[in-house]
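**Q** This is a predicted model, with the sequence first.
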Amino acid sequence: MLSQEETIALIKKAQKGDLEAKEILVKENSPLIKSVVGWFRNKGIENEDLFQLGSLGFLKAINNFDCSFNVKFSTYVVPMVVGEIKRFMRDDGAVKVSRAIKSLNLKINKFIDDYFKLNNVRPTIAEIAKAFQIEEQEVVMAMDSAKMPISLYTPFDDGEEEGLTVIDRFDSENGGSDFIDNLALKEVIEKLDSRDKKIILLRYFQDKTQSEIAQMLGVSQVQVSRLENKILETLKKKLTT
């Protein structure tokens, strides 16, 4: 495998149109691409097609990677490859994420919650990978699967919570009704347009005043007040229908 320095040098050349640099990057990273696409085998897509999709995502990663960020290229590649495959699956017919990936994602989320309670800081990708004795790319892959639909009744596969579902966990830890209410609210907020969503997030999740929000949006405080009331009324209607 190429070193980080060699990879960055090739990426810079590839972004300037050097086709040979792109070919070298694809060739040297083909084991990584194969590793990621392996998660999607037996999903109705030929292995060769999966690799082609993964390679397309990899090429997009080369074009979009910002070399000034202190991030491993391999870590950046994984969600790009996954995204390309998921996009194809979504457009070509819905395919669910495998139970194994969902289960791993649930375990990682619980680990993050427990780690934060003990240390008051979220664990890094490397720390999560070490705790689960897996590659960092697998951690990114599992966490990225959270962007795809997951049932509240997805069961844990092993450990003390084997046989319990996601909803069971929240019932015992947070109060089931509160969790459902929060989940419904989150879904409604996500459907707001960008301006309305920003106002709600700033006002109720970042504790900004109407005057502060008005200054950020370049409008008057009165306008923010009117918009806020309108948005809240919309949220109320959607949550009660």
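**A** Great, that's in hand.

**Q** Return, as residue ranges, the portions of this protein with sub-threshold pLDDT.
**A** Scanning the chain for pLDDT under 70 picks out the ranges 1, 43-44, 90-99, 137, 144-188, 238-241.

**Q** so what are the domain limits for it?
**A** 4-92, 99-173, 177-240 (automatic domain parsing).

**Q** Can I get these in JSON lines including mean neighbour count?
**A** All C-beta atoms are positioned from the backbone trio N, CA, C, and that covers glycine. Formatted as JSON lines, these follow (neighbours: other CB atoms under 10 Å):
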{"stretch": "domain 4-92", "mean neighbour count": "16"}
{"stretch": "domain 99-173", "mean neighbour count": "15"}
{"stretch": "domain 177-240", "mean neighbour count": "14"}
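
**Q** ok, Phe111 - contacts?
**A** Pro123, Ile128, Ala131, Phe132 (CB atoms under 8 Å, 6 or more residues apart in numbering).

**Q** following the one helix or strand it maps to, which helix or strand shows up next?
**A** Under the criterion of DSSP states H and E, Phe111 resides in helix 99-119. Beyond helix 99-119 on the C-terminal side, the first helix or strand identified by DSSP H and E is helix 125-132.

**Q** tell me how far the helix or strand just after that following helix is from the chain's mean position?
**A** Downstream of helix 125-132, the first helix or strand assigned by DSSP H and E is helix 136-144. Here helix 136-144 is found 9 Å from its chain centre; the criterion is CA atoms, centre = their mean, to the nearest Å.

**Q** what angle separates helix 136-144 from helix 99-119?
**A** On the basis of axes from the mean of the first three to the mean of the last three CA atoms, to 10 degrees, helix 136-144 is oriented at 90 degrees to helix 99-119.

**Q** Show me what helix 136-144 is packed against.
**A** Other helices and strands packing on helix 136-144, by 3 or more CB pairs under 8 Å, 6 or more residues apart in numbering; DSSP states H and E, are helix 30-37, helix 73-92, helix 99-119, helix 125-132.

**Q** residue contacts, Leu10?
**A** Leu2, Ala21, Ile24, Leu25.

**Q** Can you tell me which of those end up in strands?
**A** Among the contacts of Leu10, none falls in strands (DSSP state E).

**Q** For those, work out which two are farthest apart.
**A** Leu2 and Ala21 (11.0 Å; CB to CB).

**Q** follow-up on the earlier one: any chance of TSV for the contacts of Phe111, columns distance to Thr75?
**A** What follows is the contacts of Phe111, written out as TSV (distance: CB to CB, whole Å):
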residue	distance to Thr75
Pro123	15
Ile128	12
Ala131	17
Phe132	16
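
**Q** quick one: which of those residues is nearest Gly218?
**A** Pro123 (38.9 Å).
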